[in-house]
Structure formats: C-alpha cells, structure tokens
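Enquirer: Predicted model and sequence follow; I will ask about them next.
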Amino acid sequence: MSVHLMLTKTHNGEEINVPIATESFFSRVWRPLAEKHSLFYVVEMQSGYDIEQKELIKITEELKVMQTHVMPSHELTNNEKEFLSERIAHVLNRLEKETQYSDVKGWVA
C-alpha cells in the first residue's frame, strides 16, 4: 500500500497522481516528523481526505515547513533525510501551480 495524492480537476483538465510514500515509510518517517511540527494536513494524509484549493494550499505550506525540518532532524538517517527531502521537492513541484486554480479537486489517501 502507499500514500498518494490524486487531483481529478486541474488547471489543464488532466488528472495528476502524485505518489507520496509507501505506507511503511510514511508511518516510520513522514508521520513522526509531521506530528512533531504539528502539520495536520501531512499527518492526516495516511487517513485520507478530499482536496479543494484551500486544502491544497495548506498541504503545500505544510510541506514547505516540513522540508525545513528534514536536514536538522536527529531522528532520521542521512539516507532517509535525502530521500524525504527529494520526495517533498518532487511533490511540491507537481502541486504548486495547481494551488492557483480555484476549482482544483482531488483527494489524498
């Protein structure tokens, strides 16, 4: 199983499927770091929720905050830090332009 984000209504009409992490990596790495910094939308990705523009903006904001805490983290190995940092950058790259589209819709699970 994996955690991923799916945008079904985007600025250009194409669906966007963004893999976030495997369930085990999310549980072991993403979730504890997000919980430590009170990043609600990141923590809840594993449970799942619907997304509209407001949620997408919050997700990208929280991912940016999370990214600033990856490298200084003492709980993660260097490999985990590198992988997580690259994954967050990839997710942000895929999502940021969609935050400008007021009718964006999707879900995360």
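Expert: That came through fine.

Enquirer: The closest residue to L56 other than its chain neighbours and L7, how far apart?
Expert: Nearest residue to L56 in three dimensions, chain neighbours excluded: T99, at 5.3 Å (CB to CB, 6 or more residues apart in numbering). The way it works is simple: take the backbone N, C-alpha and C, and place the C-beta from them, glycine included. According to CB to CB, to the nearest Å, T99 and L7 sit 11 Å apart.

Enquirer: Name the residues contacting each of the two.
Expert: Residues touching both T99 and L7 (CB atoms under 8 Å, 6 or more residues apart in numbering): L56.

Enquirer: on that earlier part again, need phi/psi at the residue nearest to L56.
Expert: Note on T99: backbone dihedrals following degrees, to the nearest 10 are phi -70, psi -20.

Enquirer: all helices of the chain, in order?
Expert: 23-25, 31-36, 40-43, 53-70, 78-95 (DSSP state H).

Enquirer: what's the distance between the first one and the middle of its chain?
Expert: Just to be clear, that refers to helix 23-25. In terms of CA atoms, centre = their mean, to the nearest Å, the centre of helix 23-25 is found 14 Å from the chain centre.

Enquirer: average model confidence for that helix?
Expert: Helix 23-25 carries an average pLDDT of 96.
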